[in-house]
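*Asks:* Turn this into a model:
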Amino acid sequence: MGDIAVDVRGEGPALLFLHGIGGNSRNWDAQLSHFADRYTAAAWDARGYGNSAGAVEGFEQFADDAAAVIAALGAPAHVVGLSMGGRIALDLVRRYPDCVRSLTLANTSAGSPETAAPEKVAAFLAVRLKPLVEDGLTPADIAETIVTGIAGPQISRQAREALLDSHRRLRTEGYVAAMRAVTGFSDFPDFETIAVPTLVLTASEDRVAPPAHAHLMAEQIPGARLVEIAGAGHIANLEAPAAFNAALGDFLEGLA
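*Replies:* Next up is the predicted model:
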């Protein structure tokens, strides 16, 4: 699909998965396998990630790319965004509302005054950006530190290895560009204006996007459903795939 690599499986209504800032399409393998019997289930490598070319030039480019992918899959799509992917999904529904059939916001802190506070942004960049641009390290060099900071205490060895692999695969140029784009963007829609069916997914051990903000989002988005996955950390789809798939499946089936 142009410069954007997409793993597509199955046939049916379009269901697009958008990974987080340290992710790639491989993060969604358990979801693609689970939903491919009912949907055209697709997971992208965002611009600058995995097999997708280049590096993002501004945060809005992510949603522009997502809209183009959805057009190729067959609009509108059920859109599932995790962490940074949730932020992209919110920008997508704001600027391309006709592309979105439903919205799932998973482990995301978009629109949170707490996570947007300058000291929080500085702390985020100190761990992720400074080692790469000032200290000459690679994403693989800091993978252990990042995964330790985002994983829940009950993460399995298999899920931890998948997260480490994901971060080791990051390309410095694309990762740095995404971090700068994400931390420099705040033009999200007012939650009260979101007019598509919405599922807000959070996890009890998520220290990056704490459940309190998910509860706030769900209260403000008209008709939103809230599900909290017990025991999982920030990458709930990898840490608790069965619970994640069940919550998403129940939500999607309720829209049929």
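*Asks:* mind listing the strands for the stretch 1-150 of the chain?
*Replies:* 6-9, 14-18, 40-44, 77-82, 100-106 (DSSP state E, counting those that start in this stretch).
*Asks:* Let's have those in JSON lines, adding mean neighbour count.
*Replies:* Heads up, the C-betas are built off the backbone N, CA and C, glycines and all. Output for the strands of the stretch 1-150 of the chain, formatted as JSON lines (neighbours: other C-beta atoms under 10 Å):
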{"stretch": "strand 6-9", "mean neighbour count": "18"}
{"stretch": "strand 14-18", "mean neighbour count": "27"}
{"stretch": "strand 40-44", "mean neighbour count": "25"}
{"stretch": "strand 77-82", "mean neighbour count": "28"}
{"stretch": "strand 100-106", "mean neighbour count": "26"}
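*Asks:* Okay, now the unreliable bits of this protein?
*Replies:* Along the chain, segments meeting pLDDT under 70 span 111-117.
*Asks:* circling back to that earlier point, is it possible to get a markdown table of the strands of the stretch 1-150 of the chain that adds distance to Ala66?
*Replies:* Formatted as a markdown table, the strands of the stretch 1-150 of the chain follow (distance: least, C-beta to C-beta, whole Å):
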| stretch | distance to Ala66 |
| --- | --- |
| strand 6-9 | 10 |
| strand 14-18 | 7 |
| strand 40-44 | 7 |
| strand 77-82 | 7 |
| strand 100-106 | 9 |
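*Asks:* Can I take it that His234 is in a strand?
*Replies:* No - His234 is assigned coil when assessed by DSSP: H, G, I helix; E, B strand; the rest coil, not a strand.
*Asks:* Touching, it and Ala151? I think so.
*Replies:* Yes - using C-beta atoms under 8 Å, His234 makes contact with Ala151 at a distance of 7.3 Å.
*Asks:* neighbour count winner among these two?
*Replies:* Neighbour count, other C-beta atoms under 10 Å: between His234 and Ala151, His234 has more, with 28 against 22.
*Asks:* about what we covered before: nearest to Ala123, of the strands of the stretch 1-150 of the chain?
*Replies:* If you check each of the strands of the stretch 1-150 of the chain against Ala123 by C-beta to C-beta, strand 77-82 wins as the nearest, at 20.8 Å.
*Asks:* Note down every partner strand of that closest one and its orientation.
*Replies:* strand 14-18 (parallel), strand 100-106 (parallel) (DSSP bridges).
*Asks:* Now the element after the helix or strand that contains Tyr175, going C-ward?
*Replies:* Using DSSP states H and E, Tyr175 maps to helix 172-183. Note on helix 172-183: by DSSP H and E, the next helix or strand toward the C-terminus is strand 198-203.
*Asks:* partners of that following strand in the sheet?
*Replies:* strand 100-106 (parallel), strand 225-229 (parallel).
*Asks:* Wait, Gly223 touches Pro197, no?
*Replies:* Yes - contact criterion C-beta under 8 Å: Gly223 and Pro197 qualify, at 6.9 Å.
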